[in-house]
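Colleague: prediction below, plus the sequence it came from.
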Amino acid sequence: MSEKKGFFQRLRERLNKGDSVLTRDLSELLPGSGPPDEETLEEIETRLLMADVGVSATQQIMDGLHERLDRKALSDREQLLAGLEAEIRAILDPVDAPLEPVHEGDGPFVILVVGVNGSGKTTTIGKLARRYRDEGRSVMLAAGDTFRAAAVEQLQTWGERNDVPVIAHATGADSAAVAHDAVQSASSRGVDVLLIDTAGRLHTQSGLMDELRKVKRVITRVMPDAPHEVLLVLDGSTGQNAIAQAREFNQAVTLTGLAVTKLDGSAKGGVLLAVARELGVPVRFIGIGESAEDLDVFRSEDFSRALISSES
Ligand SMILES: Nc1nc2c(ncn2[C@@H]2O[C@H](COP(=O)(O)OP(=O)(O)OP(=O)(O)O)[C@@H](O)[C@H]2O)c(=O)[nH]1
């Protein structure tokens, strides 16, 4: 419970740098009492767009606010903020679906981790491995990013330090072969959770997207109900480009979950609303920094509150 509170506090401080673009100075704009005027609503709309919420989610929120105004449910600043939060939650609640790494059958729960270069895949895998290990599960990693020697080393070093086995082949090896060996090895060793890293690729590189399809196919061949999770790691600071990335990856390998990282940087937290509205894929985790405790389960209620909170 105390850890949850700690994360929420940091989320609020780091999201939009503790100075929410949505609520900053809004109180000055609002009349002391009475409902918001058109100018105020337009300002909120502009701020939603500036916070990367995207056109269609912004439209949905504004329609909701106008509807509240019509039925006289926006009579003061508190009601306006509460209304805004409720409209945000209406978009985020449907993608609040935590990942439980267990499945019906035998063998490991297999998580295939995909994403563009530098989105934070390898770091996220390390953080997840630690989380699952701390929960008492046995974990194995597969260094499927065979393009970058440094990526393999990064995972191996991490595995050694944390006493987690890592399956790796030489640089340049077939990443589908790594995935194949890893699933077999994790099954025979009775591992609970297998996390498979993949090479970063641009969603526009069709050859590499084909390779990713192959990795997934090979996993399924070894273990018919796997992968149990296809997790896309998205860099939250890439704004609307994140949507385009997610669409392409979804088309290639059917995503089952998202981890949105770097929400502490220049990212505008609103990107989660755009992603939720456009894709409807569950947001499993959010990252707000480089250390292990900076990755946590996505909770719609906390996130919505942090997003419009003007306190730090
Ligand atoms: N500020 C911040 N940095 C992060 C977060 N998550 C990851 N990073 C940093 O982002 C950088 C890239 O992370 P990696 O995990 O190496 O990214 P990757 O997707 O594996 O990259 P490739 O191996 O090139 O595909 C590293 O410096 C991480 O420390 C986060 O939530 N916040």
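Modeller: Arrived safely, thanks for sending.
Colleague: CA atoms for contacts and neighbours, from now on please.
Modeller: Noted.
Colleague: so what secondary structure elements neighbour the helix or strand where residue 131 lies?
Modeller: Under the criterion of DSSP states H and E, residue 131 resides in helix 121-134. Helices and strands touching helix 121-134, as assessed by 3 or more Cα pairs under 8 Å, 6 or more residues apart in numbering; DSSP states H and E, comprise strand 109-114, strand 139-142, helix 149-162, strand 193-196.
Colleague: quick one: least confident helix or strand in this protein?
Modeller: For the chain, using mean pLDDT, DSSP states H and E, the weakest element among its helices and strands is helix 26-29, scoring a mean of 65.
Colleague: any idea which helix or strand comes after that one?
Modeller: helix 38-50.
Colleague: show me which positions of that following helix end up buried.
Modeller: With burial defined by 16 or more other Cα atoms under 10 Å, the residues of helix 38-50 counted as buried are 41, 44, 45, 47, 48, 49.
Colleague: mind putting those residues in CSV, distance to residue 118 included?
Modeller: Conversion of those to CSV gives the following (distance: Cα to Cα, whole Å):
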residue, distance to residue 118
41, 37
44, 33
45, 31
47, 28
48, 27
49, 25
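Colleague: need the max-distance pair from those.
Modeller: Taking every pair in these and measuring Cα to Cα, the maximum separation is 12.5 Å, between 41 and 49.
Colleague: just the C-alpha atoms of stretch 269-283, please, in PDB.
Modeller: The C-alpha coordinates for stretch 269-283 follow below in PDB (Å, rounded to 0.1, in the frame of the first residue of the first chain):
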ATOM      1  CA  GLY A 269       0.600  12.100 -20.300                       C
ATOM      2  CA  GLY A 270      -2.400  12.700 -22.500                       C
ATOM      3  CA  VAL A 271      -0.900  10.300 -25.000                       C
ATOM      4  CA  LEU A 272      -2.400   7.500 -23.000                       C
ATOM      5  CA  LEU A 273      -5.800   8.800 -23.800                       C
ATOM      6  CA  ALA A 274      -5.100   8.900 -27.500                       C
ATOM      7  CA  VAL A 275      -3.700   5.300 -27.300                       C
ATOM      8  CA  ALA A 276      -6.700   4.100 -25.300                       C
ATOM      9  CA  ARG A 277      -9.200   5.700 -27.600                       C
ATOM     10  CA  GLU A 278      -7.600   4.700 -30.800                       C
ATOM     11  CA  LEU A 279      -6.500   1.100 -30.000                       C
ATOM     12  CA  GLY A 280      -8.300  -0.200 -27.000                       C
ATOM     13  CA  VAL A 281      -5.400  -2.400 -26.100                       C
ATOM     14  CA  PRO A 282      -4.900  -2.800 -22.300                       C
ATOM     15  CA  VAL A 283      -2.200  -0.600 -20.800                       C
END
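Colleague: contact residues of this protein facing the ligand?
Modeller: Counting by Cα under 6 Å from any ligand atom, the residues of the chain lying close to the ligand are 117-123, 151, 199-200, 261-262, 264-265, 287-290.
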